[in-house]
Structure formats: C-alpha cells, structure tokens
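1. Would you be able to build a 3D model of this:
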Amino acid sequence: MKTRYRKNSRLRRFLLPLGSLAVLAYFGYHSFNGDYGIWSRDRMQREAIGLEAELVSLKQQRASLEHRVALLRPTSLDPDMIDERARRNLNVLHPDEIVIDLAASQQTPQQSLLPQSSN
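-> Residues are numbered from 1 along each chain as shown. Modelled structure (predicted):
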C-alpha cells in the first residue's frame with residue numbers, strides 16, 4: 001500500500017486568508033461606490049430634495065392654471081374677464097377709456113429718466 005504525502009508549501013497556507021481578503025475588499029469597495037452604496041445614497045437624497053422642491057412649484061403652477069381654466073368654463077364665465085381678454089388680444093379700446101401701462105410704471109427710475117424720442 002502506497003501513501004502519497006503532500007509537501008506543505010507556504011503559498012497554500014496563505015491561500016484561504018488571501019481569498020477571504022479579496023472577497024472582503026470587493027464587497028467593501030462596492031458598499032461605498034456601487035449603485036446603491038453609501039455615496040450614491042447621499043447623492044440620491046440630495047436629488048430627491050431638489051425634485052420635491054420642483055414638485056411643489058409644479059403643483060402651484062397647476063393649481064393656478066386650474067383656477068384660470070375654471071373661470072373660463074361655460075357655467076362660470078365672468079363677463080369682465082371675457083371683455084378684458086378680448087380687448088387685450090384684439091388691442092381695442094373705447095374712446096372714453098384711459099389705459100395705464102403697468103409695465104411702464106414698474107421700470108427703474110434710471111430707465112424712466114432716459115430721454116425718449118418723439119416721432
């Protein structure tokens with residue numbers, strides 16, 4: 001009966017610890033840098049805060065538009081609003097009306113002091 005002896009090598013002694021260390025390094029690296037790692041989670045939280053702020057502003061815009069649309073429904077038409085919109089779109093005034101341009105009154109004082117040409 002023959003028996004075969006293995007020679008103990010130094011490499012074989014370090015094989016299991018080195019393999020374990022490589023697996024730990026792999027998972028450690030990806031716990032920070034992976035798609036759902038620590039740094040990605042922080043980035044996603046910052047992005048979520050920005051998106052929530054955008055959502056609030058979009059909801060406000062939508063509520064404003066819904067209110068304006070509700071005023072234009074046939075059941076709740078406001079004659080003054082229709083008259084105002086028609087005059088603005090058609091650029092029509094009655095002879096006895098006075099027009100106050102709000103955009104001109106909101107200019108800075110320096111802009112209103114500029115000389116205007118009279119043609």
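
2. Give me the helices and strands touching the helix or strand encompassing L15, please.
-> Using DSSP states H and E, L15 sits within helix 10-33. With contacts defined as 3 or more C-beta pairs under 8 Å, 6 or more residues apart in numbering; DSSP states H and E, helix 10-33 has these neighbours: helix 38-71. No exception for glycine: its C-beta is placed from N, CA and C like everyone else's.

3. If you count neighbours, what's buried in the helix it packs on?
-> Within helix 38-71, no residue counts as buried by 16 or more other C-beta atoms under 10 Å.

4. How far off centre is that helix?
-> Helix 38-71 has its C-alpha centroid displaced from the chain centroid by 7 Å (C-alpha atoms, centre = their mean, to the nearest Å).

5. pLDDT (mean, whole number) over it?
-> Averaging pLDDT along helix 38-71 gives 92.

6. Between helix 10-33 and that helix, find me the angle.
-> Relative orientation of helix 38-71 and helix 10-33, computed by axes from the mean of the first three to the mean of the last three C-alpha atoms, to 10 degrees: 20 degrees.

7. Tell me the first helix or strand C-terminal of helix 38-71.
-> helix 79-90.

8. can you list contacts of that following helix?
-> 71-72, 92-93 (C-beta atoms under 8 Å, 6 or more residues apart in numbering).
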